[in-house]
Each structure stands twice: as C-alpha cells, then as structure tokens.
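Chemist: Sequence first, then the predicted structure:
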Number of protein chains: 2
Amino acid sequence: MRRLILDAALHLFRTKGYEGVNMRNIAEAIEYSAATLYLYYKDKNELYFALQFEAAAAKRDHLLPAMEVLDPMERLVEFGRRYIDFGFKHPDLYDLLFITKAPMEHIENQECWALGIATHTFFVETVQACIDQRYFKSTDAATIAYTLWCHAHGLVSLFIRERMRMYPEDQRQALAAKSFEMIIKMAESL
Amino acid sequence: MRRLILDAALHLFRTKGYEGVNMRNIAEAIEYSAATLYLYYKDKNELYFALQFEAAAAKRDHLLPAMEVLDPMERLVEFGRRYIDFGFKHPDLYDLLFITKAPMEHIENQECWALGIATHTFFVETVQACIDQRYFKSTDAATIAYTLWCHAHGLVSLFIRERMRMYPEDQRQALAAKSFEMIIKMAESL
DNA sequence: AAATTTACTGAACATTGTTTAGTAAACAAC
DNA sequence: GTTGTTTACTAAACAATGTTCAGTAAATTT
C-alpha cells in the first residue's frame, strides 16, 4: 500500500511539479480517499521523507556508473558530470533533495539521510584518493569536496530556480557546461 | 499606504520567515483588513515582487562598499565576500532573491529585475577588468563570473536550506570561509 | 454467533489566497 | 442643501488544502 501511494505521489510529483500535488490529488490517483493516506503516513512530512528517499535512490542509481571509474580523478569528474546531469534531467527530484524548504529537523533519523550521507562520503573519499595520488597539492579533502559541491549545486539550483534569465534560454546549458569545464581546470591547480 | 504594507510585510518576513507570513498576518500588523491589501497589490505575487525589490535594494546597499574598491581583483574578492556575507546575515532576503520558487515568469518587467541585472553587470565588468589587467589568462569573462557566482550561490544556499547537516553546526561557517579562500586561490590560476 | 480488529471513508474543521457586495465618508454639481 | 460620484475600506463568503473524527463494513478471532 505504501508502495502504491509512493509511486502515485512520485509520478504526480514528476509530472505536475511539487506545488501541483496535494493529498487529495494523490488519493484520487490511487482511487482512495485522502484520509486513507493518513493511515500509512502520519502527515505530509512523513510522505515527504519517503519521497526524498525515492529521490535519493534515483540519484544514487544515476551516479552509480561514475563510482565504478577506476582512476580517482576521472571518477571525480564523471561524478560531477553525472551529479549535474541528474539535476538537469530530474529538477523535481533534485529540488526535493537539495532545495525544498521542508522539515529538515530530525532528517538525521530518516532513511533518506543515510543514503545521502553514503553518497557524500563516497565523494569525499574520491577527493581523498585524488590527493593520495598527487592529483592535488592541497591535502584538505573536506574543503575541496565541499568547494566542488558548492559549485555544482549552485550551477544546478540557479538553473532550476530560474535565476539565469539574464542569459538567453538556449545558451544556459552551454554556459553551465563551460563552467563545469572551467571548475575542473581550476581544480587541477589545487 | 504601499510603504506601510511593504514595511509590515518585510518586517514579518524577516522575523517569522517566508512561510509564516500570509495576507491576513500583514493586514493585521497594520490594522487593516486583508481585503485592503488587494486594493494596493493585485495579488500575492505583486506583493512578492515588491518585496523582492526591497531585498534587491538591501543587497545592493550591502555590496556597495565593495564596488568602490579600486583594484579590480580586490574588488572581486570583496564583492564575493560581501555577497556571501549578505546571504548568511539575511537568509530570508537571500532566499527571496535567489531561491524561492515563485512567479519568475515576466519578472523581466519588474523593477526588482533591473536592480539585480545592474549588480550582475557590475560583477561581470569587474571580472572583465581583472582580465584586462592580466589577473586571469582566460578571457571568458562571462564564464568566469558565472563560475564564481555558482560557487557563492551554492555555498549560501546549501547553508540556508540546511543541507550541511553532515558538518557539525559550529563548523559550517568556518568551512564556508575556507571554501571561499580556496575558490579565490583556484581563480588565480585562471 | 459474538467480539474484536482491520481497512476505509464522508464529513467536517482550520488555514490561507481571493472575490464580492456593500458601507460610509468625502467631495462635486446643480 | 440635496443628489450623485468617487474614495477607502470591510465583513462575509468561496475555494483549495492539510488534517481529524466518527462511523461503517468486512475480515478475523474467540
């Protein structure tokens, strides 16, 4: 039943966007009453956390191929490329994971958090592997990882939240791509 | 009257956060009925745009001292520092300007847009000035500016939207500061 | 057969954005 | 000075949405 609710919610979510979905919508889609949803999820927040878990799983799956690249520097680049690609291809899921102002209190107790942490840890470890293999002179893996993440997240979220209107629509993706190339070049000087 | 409404709205906004404010709230604060607000603003969107203008003005004022630095590279660094500082000090305003999912359609017609564009143009021109004075080898001012913006925005927005929970709360600001230093160092290799 | 548990729902409530119909005061025109 | 018009405002209602509650009916247990 939870599966049924989640699938319907996620589908609505991805087609109609976050705003366009409400409890009655979801209930309707699975031909139950809205009250039924509250039997399986305490409130909208709990449903939100469950959706976040789905999104985190989708993201992990999207990043998976990058994790298998052997050379740490190539892996890092591919990881970044795929992270950004995920954001552009699934703006609703990305939004859910990294932008939505939602009950972030106690998210540490949610299973979606563990998934996100695992991915983040893998990312930092990849940076550390680059350091170990002398790709970087700096040895501050945490700050390097965070700096790269800031760039990627800024890039995706400015795009998703429509703050690139000063650039013609058909040039935004290209600019993002150029910026990604640039940050890689910059990182090589670290 | 618009002044009265805006001041009340902005004040509520900054104390109770974006979510915690509604038309009735604002009306109450100035001791009028909610319907009155609709005499001065067509709908919540128009009020939103007006608030965005206030936020844009506050941001410009916050950045103003940086604009007066003579050396373009120092100016660029100070600009970045103050941009980030603004985001940390006024998360609600920053949110309003760069994160809130709100009616971005037709924002080009709003006065707040002009203000934002002016600041952005100044930023790109500063990068261009750095190029002209051989601070960078790269000559792509647009991409450099955008890349730096992505980093700063990512940094601020991950913080504001509580996506840094994997770092202890008392270390987040320090990490952000270190990352800012790092991106400057990286930029010097451009 | 009776009691209890499980699964579900219609109706209601609270909150919030928005509209409508109307009031009352100020002002204008004759 | 009465009448019409404009201005400033509001109470009440409507619609959408999150949430709760009382109740029903089938399944299961005793």
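Modeler: Alright, I've got the coordinates.
Chemist: tell me what the helix or strand harbouring residue A:56 is packed against?
Modeler: Assigned by DSSP states H and E, residue A:56 falls within helix A:44-67. Packing partners of helix A:44-67 (3 or more CB pairs under 8 Å, 6 or more residues apart in numbering or on different chains; DSSP states H and E): helix A:2-16, helix A:72-89, helix A:91-98, helix A:111-132. For glycine as for every other residue, the C-beta is placed from the backbone atoms N, C-alpha and C.
Chemist: In CSV, list the C-alpha atoms belonging to whatever helix or strand comes next after the longest one.
Modeler: In other words, helix A:111-132. Note on helix A:111-132: by DSSP H and E, the next helix or strand toward the C-terminus is helix A:141-160. The C-alpha coordinates for helix A:141-160 follow below in CSV (Å, rounded to 0.1, in the frame of the first residue of the first chain):
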residue,chain,number,x,y,z
ALA,A,141,39.8,16.8,1.2
ALA,A,142,36.8,18.1,3.1
THR,A,143,37.2,21.6,1.8
ILE,A,144,38.0,20.6,-1.7
ALA,A,145,34.9,18.3,-1.8
TYR,A,146,32.8,21.0,-0.3
THR,A,147,34.0,23.6,-2.8
LEU,A,148,33.3,21.4,-5.8
TRP,A,149,29.9,20.6,-4.4
CYS,A,150,29.1,24.3,-3.9
HIS,A,151,29.8,24.9,-7.5
ALA,A,152,27.8,22.0,-8.8
HIS,A,153,24.9,22.8,-6.5
GLY,A,154,24.9,26.4,-7.4
LEU,A,155,25.0,25.6,-11.0
VAL,A,156,22.1,23.3,-10.9
SER,A,157,20.0,25.3,-8.5
LEU,A,158,20.4,28.6,-10.2
PHE,A,159,19.2,26.8,-13.3
ILE,A,160,16.3,25.0,-11.7
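Chemist: So which bits of helix A:141-160 are buried?
Modeler: A:141, A:143-160 (16 or more other CB atoms under 10 Å in any protein chain shown).
Chemist: Any residue of the helix holding residue A:56 touching DNA strand C?
Modeler: No - judged by CB under 7 Å from any atom of the strand, helix A:44-67 stays clear of DNA strand C, getting no closer than 12.8 Å.
Chemist: which of the residues in that helix are buried?
Modeler: A:44, A:47-56, A:58-60, A:62-63, A:66.
Chemist: hang on, the earlier thing: determine which stretch of the helices and strands packed on helix A:44-67 is the most buried.
Modeler: Greatest average neighbour count among the helices and strands packed on helix A:44-67 goes to helix A:91-98 (a mean of 22), per mean count of other CB atoms under 10 Å in any protein chain shown.
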